[in-house]
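J.: Next input, structure requested:
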Amino acid sequence: MASLPIAAQDIMTYGSIDSSNSTSPGRPARPRMGARPRKRTISTTEILNEVERFSRRTISICAAPPSILSGNDVIEDDEEAAIESNPESKERDDALSISNMETIVHILKGNIGIGVLTLPMALRNSGLIFGSLGLIFIAYLCVYCMMLLVNAAHRACEKRPDIRFLDYADTARASFQDAGGRWVNWASFIRKLLNTFLFFSQLFSNAVYALFIAQNIKPIIAHYGGETMENLNYRFYILMVLGPILAICSIRSLRYLSPCSVVANAAQFMGLGIVFYYIFREPLPQSSSVPWMAESYRLPLFFGTAIFAIEGISVVLPIENQMRSPKDMLGWNGVLSTSMSLVVALYVGMGFYGYLKFGEGIAGSISLNLPPGDIPAQIALLLFSVSIFFSYALQFYVLMEIVGPNVIRPLVPEQWYSVSDYTTRIVINIITFALAATVPWLELVVALLGAVKMSTLSLMAPAIIDTATNWADLGKFRWKLVKNIFIFLFGFFGCIMGTYVALRDIIENFKNGADSPN
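T.: Numbers count the residues shown, from 1 in each chain. So this is what the prediction gives:
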C-alpha cells in the first residue's frame, strides 16, 4: 500500500524552527549550535488534509473533475481541478496527481466491498468449477469494458483540448456527439440515463448495506442477549442502525468523512483475514463434496451476484482522472489490469474455498457462517459492520452530491437550502431503510441489484459507448460492432434472466412465508 506523504511514522518529526535565525521569509531556520532538536507536531488540519487527499479519489464519483454540462466544449474549473493543464503533455505533474501505486490502492479500495462476502453463495448457484470459471469470464468482460470506457474518455478528451478529463456519463455524451448523425440526437439522453442509473445504484446499494449491517450485528446481540434478542425480527435491527446512520449522514463536509474511508478499508481487510482463518483452520473437504455445476435455473442468480461483486466501473474514471501518468492505466500489464488481477484472485479464492468449506449451508454472506460464540468471529462481524457503516456514509455523500446541486439548489431559495438539504438527507435515508426492511434475503437482493443496475453500467453501456467512439472506423468486417453486440446481448440476457429469477424467488419466499435469515 502506498504511503501517505505524511506517513504514520513521520507524524512526529525532529527539527527546530526559529524565525529569529531565518535567513529569508518563509524559510525554516537552521538549528542553533549546541541546541537540542525538539519535536515538531504535525497539526490535525495537516493530517486531515493528507487523509482527504489520499481517500477522496474513490469515495465520490462526483468529486471527479467537471464535465460537459452543455453542448459546447467549455468547462469551469472547480476547487479540486483549478490546476494549469498542458494539452501537449500526457503527464499530470501537480500536487493533486497520484502515482501508479496509489492508483492501484484506490482501484482495490473501489472494487473490494461486501460483494466479496457473497461470492461463496454465487458459486453455490453455479457449481464449484463452473462458477469459478464463470467468475473469471465475467471479471474479464467487466475489466475489458472498463478499458473501453477509459479509452473512450481519452479519445473524447483528445478532441477537446480545453477539457482534461470526463466522468462516466459525460464520456458517453461526448462519444455520441463525436459519432455524428443520429447519435447526436441521443447524446443528452444517454447522459441523463446513466446519471439516473448511477443515482439509483447508490441508493439501492445503500439499502443492501443497511440490510447487511443489521444481519451481521444480530448474531452478536442475540448471543449475549439470549432468546429475547434472538426472536426479534430483523427489522428491529435495521431500526437500531437508522439513528447512527442519520447522524453520520448529516455530515456535509468530505474533510470529516475522509478518515472514514481509511477506517472502513482497514476494518474490511482485517475482517477478511479472520474469514480466511476460519476457512483454512481445519482441512477442507474434497472438491467432490459439492456439485461442480449447479442446476441451470440457478445460474441467473450467479450472474447477478457475481457482477454485483465485480462491478466497479463507476470509480475507474475518477481515479484515472487523477493519475500522474494516465497512459499507464491501460495495457495488458497496465495499472488497471494489475489491480483487477489482484481483485479477481481474491474473489475467486473467496468464492471457491468459502463454498468448499461450508457447502450447501453457505449463507448469503459468508460472515453469517462464522460461529457467533467465538470471539474472533464476533470481531469479524463487528469489523464488517463498522466497515459497511462508514461505506454507507461515503456512498451517501456521493448521492447527495448529485441531489444537492442538481435537484435541491434549482428548486429552493438560498436561505432555505440548508434546511432542505438536511430534510432531504433524512427522507432519503428513511426510504433507503424502508427498502432494506422490505426483503430480508440478502443473496436475492444482491442478485437483483447486480442483474438490473450493474449489468447495465458494467456491460451494456460500455459496449454502446465504444461503438459510438469507433463509429467512423469499426474495423475489418465491422468486428468492433460485432464484439460490442455480443457484450451488450450477454449483459442484456443476464439482466433479464437475473431479474426474473431473483424476483420470482422473492415472491415465492413471501408466498410460502419463508423465514428471514439470521
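J.: Quick check, R124 in contact with I362.
T.: Yes. Between R124 and I362 there is a contact under Cβ atoms under 8 Å: 5.3 Å. For the C-beta atoms, the positions are set from N, CA and C on the backbone; glycine is no exception.
J.: Find residues that contact each of these two.
T.: Jointly contacting R124 and I362 under the rule Cβ atoms under 8 Å, 6 or more residues apart in numbering are Y355.
J.: can you give me how far stretch 134-145 is from the chain middle?
T.: Centroid separation between stretch 134-145 and its chain, computed with Cα atoms, centre = their mean, to the nearest Å, is 17 Å.
J.: now do stretch 310-330
T.: 13 Å.
J.: pLDDT of that stretch, averaged?
T.: In this model, stretch 310-330 carries a mean pLDDT of 77.
J.: Ends of it, what's the gap?
T.: Taking Cα to Cα, to the nearest Å, stretch 310-330 runs 18 Å from one end to the other.
J.: Quick one, grab the pLDDT at the residue nearest to L356 when sequence neighbours are not counted.
T.: Closest residue to L356 apart from its sequence neighbours, by Cβ to Cβ, 6 or more residues apart in numbering: L284 at 5.4 Å. Listed pLDDT for L284 reads 93.
J.: swap in L48?
T.: As predicted, L48 sits at a pLDDT of 48.
J.: And I279, by the same measure?
T.: pLDDT, I279: 95.
J.: Please apply the same query to the one 10 residues further on.
T.: Reading off the per-residue confidence, S289 sits at a pLDDT of 91.
J.: wait, isn't it in contact with G359?
T.: Yes. With contact defined as Cβ under 8 Å, S289 reaches G359; the gap is 6.3 Å.
J.: Now the one helix or strand A153 maps to: buried residues?
T.: Assigned by DSSP states H and E, A153 belongs to helix 128-158. Neighbour-count burial for helix 128-158, counted by 16 or more other Cβ atoms under 10 Å, picks out 128, 130-132, 134-135, 138-139, 141-157.
J.: How about stretch 99-111?
T.: Going by neighbour count (16+ other Cβ under 10 Å), the buried part of stretch 99-111 is N100, E102, T103, I104, V105, H106, I107, L108, K109, G110, N111.
J.: Tell me the one of those residues nearest L272?
T.: Lowest distance from L272 to the buried residues of stretch 99-111 (Cβ to Cβ) belongs to L108, with 11.9 Å.
J.: Got the phi and psi for the residue nearest to L356?
T.: phi -80, psi 150 (degrees, to the nearest 10).
J.: Q378: neighbour count?
T.: Neighbours of Q378 under the rule other Cβ atoms under 10 Å: 18.
J.: From F276, how far out is it?
T.: Per Cβ to Cβ, to the nearest Å, Q378 is found 17 Å from F276.
J.: can you check F269 too?
T.: As judged by Cβ to Cβ, F269 and F276 stand 11 Å apart.
J.: Any chance you could list what contacts the helix or strand in which L239 is found?
T.: In the assignment (DSSP H and E), L239 maps to helix 234-248. With contacts defined as Cβ under 8 Å, 6+ apart, helix 234-248 is touched by 210-211, 213-215, 217-218, 221, 260, 389-390, 392-393, 425-426, 429-430, 433, 436-437, 440, 516-517.
J.: Next step: these restricted to helices.
T.: Counting by DSSP state H, those place 210-211, 213-215, 217-218, 221, 260, 389-390, 392-393, 425-426, 429-430, 433, 436-437 in helices.
J.: In PyMOL, how would I select the buried members of those residues?
T.: Selection of buried members from these for PyMOL, criterion 16+ other Cβ under 10 Å:
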select buried, resi 210+211+213+214+215+217+218+221+260+389+390+392+393+425+429+433+436+437
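J.: Quick one: low-confidence residue ranges for the stretch 51-200 of the chain.
T.: Applying pLDDT under 70 to the stretch 51-200 of the chain flags the ranges 51-96.
J.: where along it do the helices fall?
T.: Remark: helices assigned in the stretch 51-200 of the chain by DSSP state H, counting those that start in this stretch are 100-111, 119-124, 128-158, 168-179, 187-225.
J.: Just the C-alphas of whichever helix or strand comes after the longest one, formatted as CSV.
T.: To tie it back to what came earlier, the one meant is helix 187-225. Counting by DSSP H and E, the next helix or strand C-terminal to helix 187-225 is helix 227-230. Taking Å, rounded to 0.1, in the frame of the first residue of the first chain, the C-alpha atoms of helix 227-230 are listed here in CSV:
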residue,chain,number,x,y,z
GLU,A,227,-33.7,-15.8,23.3
THR,A,228,-35.5,-12.5,23.5
MET,A,229,-33.0,-10.8,21.2
GLU,A,230,-32.8,-13.9,19.0
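J.: Identify each buried residue in helix 227-230, please.
T.: Applying 16+ other Cβ under 10 Å to helix 227-230 flags M229 as buried.
J.: all strands of the protein, in order?
T.: 12-15, 38-41 (DSSP state E).
J.: among these, which gets the worst mean confidence?
T.: Of all the strands of the chain, mean pLDDT reaches its minimum on strand 12-15 (a mean of 32).
J.: what about the nearest residue to I408 once chain neighbours are set aside, distance to S287?
T.: For I408, ignoring the flanking residues on the chain, the nearest one in space by Cβ to Cβ, 6+ apart is S420 at 5.3 Å. Separation of S420 from S287 (Cβ to Cβ) stands at 57 Å.
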